[in-house]
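A.B. asks: attaching a predicted model along with its sequence, questions to come.
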Amino acid sequence: MPTPTSHLLTADADAAPGPGHPVPPAAPHPLDNPVRAALLGAHAHLAERRGEVLRYPVDVSPFAALPERPDEQTWRDVAALFGPGAVVPVTGILGSAPAGWEVVMDLAGVQLVDAGVAAAPDDEAIPLGPADVPEMLALVERAKPGPFLPRTIALGHYLGIRRGGVLVAMAGERLHPPGWTEISAVCTAEGHRGQGLATRLVHAVAAGIRARGETPFLHAAASNTDAIRLYESLGFELRRRVGFRSVRVPATGPEARP
């Protein structure tokens with residue numbers, strides 16, 4: 001996976017050690033490996049684990065969480081946890097998968113953080129629950145905002161807007177690293193776009209996140225310039241560039257055996 005660029009948040013210069021004193025390693029930021037931070041934190045009750053590798057249940061999220069610098073044992077644990085031939089999305093790591101592991105997706109992305117979003121509740125934004133999942137899945141299938149599975153709703157709160165009783169827009173929460181919550185699944189049905197529904201839902205979801213004392217953040221494909229411009233206009237700013245990579249576990253060979 002490509003090495004992420006340094007994030008835009010910097011340490012306080014006044015806290016730097018003086019001459020002759022060793023510089024302690026910087027503590028990892030929760031957003032540098034947000035899947036792992038979430039599965040070791042707020043989503044620990046959902047985590048399936050093998051060694052140092054964690055994953056969500058297959059009907060909740062496709063994401064895996066690896067240590068920042070995976071070694072050979074890490075990749076053996078990935079293979080054992082996911083199984084031969086499985087496609088595994090990996091983010092937040094340095095280095096590459098071993099030889100014999102096929103890279104099936106390598107997509108440039110961005111991570112954006114709240115830098116003054118006008119968060120506010122919305123009277124038309126209604127909470128979505130398990131009974132709404134069939135409609136949510138249908139909307140995601142049409143709008144394609146990213147992965148959303150039958151139990152993705154277990155990751156956090158989701159809000160939607162209906163017109164004529166039909167769900168036409170939604171947004172919700174996905175990863176929960178300590179102190180942060182990711183806004184995700186932002187989508188609007190064709191025929192209802194251009195009305196500001198996505199903006200209103202992002203504001204409403206952000207208001208709920210802020211009410212818990214947390215900070216909103218989100219991800220987008222670097223190629224999705226329209227979405228990035230929208231999020232920047234709402235008060236998000238670039239924290240760092242990231243790589244969205246998926247690899248396939250070899251069907252046979254030592255890497256595929258527990």
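C.D. replies: Good, I have the coordinates.

A.B. asks: I'd like the C-alpha coordinates of the one helix or strand residue 209 maps to written as CSV, please.
C.D. replies: Using DSSP states H and E, the element containing residue 209 is helix 197-211. The C-alpha trace of helix 197-211 is given here as CSV (Å, rounded to 0.1, in the frame of the first residue of the first chain):
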residue,chain,number,x,y,z
LEU,A,197,-30.5,17.2,0.5
ALA,A,198,-27.0,15.8,0.9
THR,A,199,-25.7,19.1,2.4
ARG,A,200,-28.6,19.1,4.9
LEU,A,201,-28.0,15.5,6.0
VAL,A,202,-24.2,16.0,6.4
HIS,A,203,-25.0,19.0,8.6
ALA,A,204,-27.5,17.0,10.6
VAL,A,205,-25.2,14.0,11.1
ALA,A,206,-22.3,16.3,12.0
ALA,A,207,-24.6,17.9,14.6
GLY,A,208,-25.2,14.6,16.3
ILE,A,209,-21.4,13.8,16.3
ARG,A,210,-20.6,17.2,17.8
ALA,A,211,-23.3,16.7,20.4
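
A.B. asks: list the contacts of it.
C.D. replies: With contact meaning C-beta atoms under 8 Å, 6 or more residues apart in numbering, helix 197-211 is reached by 114, 117-122, 124-125, 157, 159-161, 168-173, 181, 183, 186-188, 215-216, 230-231, 234. The C-beta positions use only the backbone N, C-alpha and C, and glycine is treated the same way.

A.B. asks: partner strands of the next helix or strand along the chain from that helix and their direction?
C.D. replies: Reading on from helix 197-211 to the C-terminus, the next helix or strand found by DSSP H and E is strand 215-221. Strand 215-221 pairs in its sheet with strand 102-114 (antiparallel), strand 180-188 (parallel), by DSSP bridges.

A.B. asks: so which of those strands is nearest residue 40?
C.D. replies: With C-beta to C-beta as the measure, strand 180-188 is the member of those nearest residue 40 (13.5 Å).

A.B. asks: now do that closest one: distance to the chain's middle.
C.D. replies: Chain-centre distance of strand 180-188: 9 Å, with C-alpha atoms, centre = their mean, to the nearest Å.

A.B. asks: state the mean pLDDT of that strand.
C.D. replies: Strand 180-188 comes out with an average pLDDT of 97.

A.B. asks: is it possible to mark the buried ones in the contacts of helix 197-211?
C.D. replies: Among the contacts of helix 197-211, those classed as buried by 16 or more other C-beta atoms under 10 Å are 114, 117, 119, 122, 125, 157, 159-161, 168-173, 181, 183, 186-188, 215-216, 230-231, 234.

A.B. asks: strands of the protein, residue ranges please.
C.D. replies: Per DSSP state E, the chain carries strands over the ranges 48-50, 53-55, 64-65, 87-90, 102-114, 126-128, 158-163, 166-173, 180-188, 215-221, 236-248.

A.B. asks: quick one: the ones you listed as TSV, columns for distance to residue 204 too.
C.D. replies: Below are these laid out as TSV (distance: least, C-beta to C-beta, whole Å):
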stretch	distance to residue 204
strand 48-50	32
strand 53-55	30
strand 64-65	29
strand 87-90	28
strand 102-114	14
strand 126-128	10
strand 158-163	5
strand 166-173	8
strand 180-188	10
strand 215-221	11
strand 236-248	15
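
A.B. asks: hmm, back to that, out of the strands paired with strand 215-221, which is the most enclosed?
C.D. replies: Most buried of those, by mean neighbour count (mean count of other C-beta atoms under 10 Å): strand 180-188, with a mean of 24.
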